[in-house]
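Peer 1: this one's structure only:
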């Protein structure tokens, strides 16, 4: 998805570390780490803890449910791989990748093969975050990106902490190679270009958007938020949370494509329906209204459906990834 001459600019080591830390910190129990096991069906041959390094494989009983192992080792997740599973993954990937496939196409092939190996039992993950999430086609991904960030325009994310710009990310779609991004920019130069700011992100984000448009081009979508609020939303799967945050201006979408206005409205409606169901429980002793309201909430789509795209819901994908 990047052009051959892509520009990475505006990143200090601190800014880059902060950006990575935002998403790393949003993972549930991220400080507990994870565990990768390689087994032959009868015993564990290798055990690698993401924080503590190699563990004694003989100390981990096998076979048994990996949920028990996760609890015993105190880790947030476990992946159990049968010996040879990674070799099989690479062999299948080699048969499907074609010369000229970019990194996104290769990643989609890899995700599809990984799903196959999970279904075959060669790889057993816990928790199964992507069990019900379909893998989109490249055409679906391209259409989604085209809708959100047309050629020659930018997408941006800015996060503020204590009234100051904590970190930011700017992605610009190329004009010569419209299917790819030619700029991945950070906040280092943009801070000075913002000019005099007030220390309140709900006002200051406008100056940052102006600096990005002067430096890189028109912005088609921008998300601006207070850092603690953004982290809390990433780790939340409750209906209506994003819409509520936008309504309270804990998150500011500016500019916002029309295609996102519908999901936010649906998210708010689903949250309202669940709230009404809780109220109904108090005033409906026969229990007739509450199930109907909950059924209505479950039937609301997470994103506006498109022909052929009804199973691909990026917001739901993000929620499943972060919440398990």
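Peer 2: Received the coordinates, thanks. Please read these numbers as outputs of a predicted model, since none were measured by experiment.
Peer 1: Now stretch 203-220: average pLDDT?
Peer 2: Averaged across stretch 203-220, the pLDDT comes to 92.
Peer 1: Test my guess that residue 252 contacts residue 204.
Peer 2: No - using C-beta atoms under 8 Å, residue 252 is not in contact with residue 204; the gap is 10.3 Å. For the C-beta atoms, the positions are set from N, CA and C on the backbone; glycine is no exception.
Peer 1: Identify the residue spatially nearest to residue 218, adjacent ones excluded.
Peer 2: Nearest-residue entry for residue 218: residue 153, 5.0 Å, with adjacent residues in sequence omitted and distances by C-beta to C-beta, 6 or more residues apart in numbering.
Peer 1: From residue 144, how far off is that neighbour?
Peer 2: In this structure, residue 153 and residue 144 are 15 Å apart, going by C-beta to C-beta, to the nearest Å.
Peer 1: again, but for residue 121
Peer 2: Taken as C-beta to C-beta, the span from residue 121 to residue 144 is 32 Å.
Peer 1: More neighbours: which of those two?
Peer 2: Neighbours per residue, other C-beta atoms under 10 Å: of residue 121 and residue 144, the larger number sits with residue 144, 17 against 10.
Peer 1: What helix or strand is the more buried one located in?
Peer 2: With secondary structure defined by DSSP states H and E, residue 144 is part of helix 138-148.
Peer 1: Tell me which residues of stretch 186-202 come out buried.
Peer 2: Buried residues in stretch 186-202, counted by 16 or more other C-beta atoms under 10 Å: 186-188, 190-191, 194, 197, 201.
Peer 1: In TSV: those residues, plus distance to residue 4 and secondary structure.
Peer 2: TSV is the format used below for those (distance: C-beta to C-beta, whole Å; DSSP: H, G, I helix; E, B strand; the rest coil):
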residue	distance to residue 4	secondary structure
186	21	coil
187	25	coil
188	24	helix
190	25	helix
191	29	helix
194	31	coil
197	36	coil
201	36	helix
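Peer 1: Among these, find the lowest-pLDDT one for me.
Peer 2: In terms of pLDDT, the weakest of the buried residues of stretch 186-202 is residue 197, which scores 81.
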